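Engineer: I need the structure of the sequence given here:
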Amino acid sequence: MPWIKSTLFFAGNGAFSLGESIEVLLNRSAIPKLYFKAKSDYVKVPIPVEGLEGLWERFLQVDDGVLTILMTPYGGKMDEYSESALPFPHRAGNLYMMYIGVIWEANTTVAEQTSRLDFLRSLYSYFGSYVSKNPREAYVNYNDLDLGVGTSYKEASKWGTRYFKDNFKKLVQVKTAVDPQNFFKHEQSIPTFAKISDM
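Structural biologist: The predicted structure is shown next:
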């Protein structure tokens, strides 16, 4: 299947059939307005059968289309670079990155949204014994505000080391040099050091 046809599935969360014309993607009102919360982690050793069976049991607890689990394989060329060679450190030693997410529509009740978020956090907790540890890692493009927010180096280290591992401090040094006023920021952006001596 060409990539462009697969976007029918991801853009509409199953609202479009895979045989539908890609022209439907040009009609923005045809794409449902969806909200989501996602969490991520890295799997370094195969998840045992009992772990996958537990996942399957939990998967069946939610309605169709609510939960998405993606397992993105790693390895190959990525393994040839050391963790410190580039800002993205999740290289050798990872079998795959795991994304788990829940979605809801604009008319979903607050109670149902809360239920889905609680389910996601419970599933994330369940995976704790099967994924990365010390710290538990995360993929930066799936920002997870549950990991923490803040603008100080101390606050940001809570989530920064999960996204960037030992590269986090180097990124803070670059950010301090390039954007010392911290103009470009969001809840989990790279912070700046308050003083040069902190670098």
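
Engineer: where along this protein do the helices fall?
Structural biologist: Remark: helices assigned in the chain by DSSP state H are 3-12, 49-59, 110-126, 153-164, 168-178.

Engineer: so what secondary structure elements neighbour the longest one?
Structural biologist: It refers to helix 110-126. strand 34-43, helix 49-59, strand 67-73, strand 96-105 (3 or more C-beta pairs under 8 Å, 6 or more residues apart in numbering; DSSP states H and E). For the C-beta atoms, the positions are set from N, CA and C on the backbone; glycine is no exception.

Engineer: residue ranges with poor pLDDT in this structure?
Structural biologist: Applying pLDDT under 70 to the chain flags the ranges 9-18, 195-199.

Engineer: and the gap between the residue nearest to the spatial centre of the chain and Glu57?
Structural biologist: Of all residues in the chain, the one closest to the mean position by C-alpha atoms, centre = their mean is Tyr142, 2.8 Å from it. The gap separating Tyr142 from Glu57 is 24 Å, by C-beta to C-beta, to the nearest Å.

Engineer: how about Tyr35?
Structural biologist: Distance from Tyr35 to Glu57, by C-beta to C-beta: 26 Å.

Engineer: list the contacts of Val43.
Structural biologist: Contacts here follow C-beta atoms under 8 Å, 6 or more residues apart in numbering; on that basis Val43 touches Met71, Asn94, Leu95, Tyr96, Met97, Met98, Tyr130, Val131, Ser132.

Engineer: what would the residues you listed look like in TSV with neighbour count?
Structural biologist: Putting the contacts of Val43 into TSV (neighbours: other C-beta atoms under 10 Å) gives the following:
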residue	neighbour count
Met71	12
Asn94	20
Leu95	15
Tyr96	17
Met97	22
Met98	22
Tyr130	19
Val131	20
Ser132	20
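
Engineer: and which of those residues is nearest to Phe183?
Structural biologist: Nearest to Phe183, judged by C-beta to C-beta, of the contacts of Val43 is Met97 at 30.6 Å.

Engineer: quick one: the closest residue to that closest one other than its chain neighbours from Val45, how far?
Structural biologist: Counting by C-beta to C-beta, 6 or more residues apart in numbering, Thr72 is the residue found nearest to Met97 once chain neighbours are left out, at 4.6 Å. Distance, Thr72 to Val45, using C-beta to C-beta: 17 Å.

Engineer: pick out whichever of these two has more residues nearby.
Structural biologist: Thr72 (12 against 9; other C-beta atoms under 10 Å).

Engineer: what's near enough to touch that one?
Structural biologist: Neighbouring residues of Thr72 by C-beta under 8 Å, 6+ apart: Tyr96, Met97, Met98, Tyr99.

Engineer: contacting residues around Ala138?
Structural biologist: By C-beta under 8 Å, 6+ apart, the contact set of Ala138 is Lys39, Ser40, Asp41, Asp144, Leu147, Trp159, Arg162, Tyr163.
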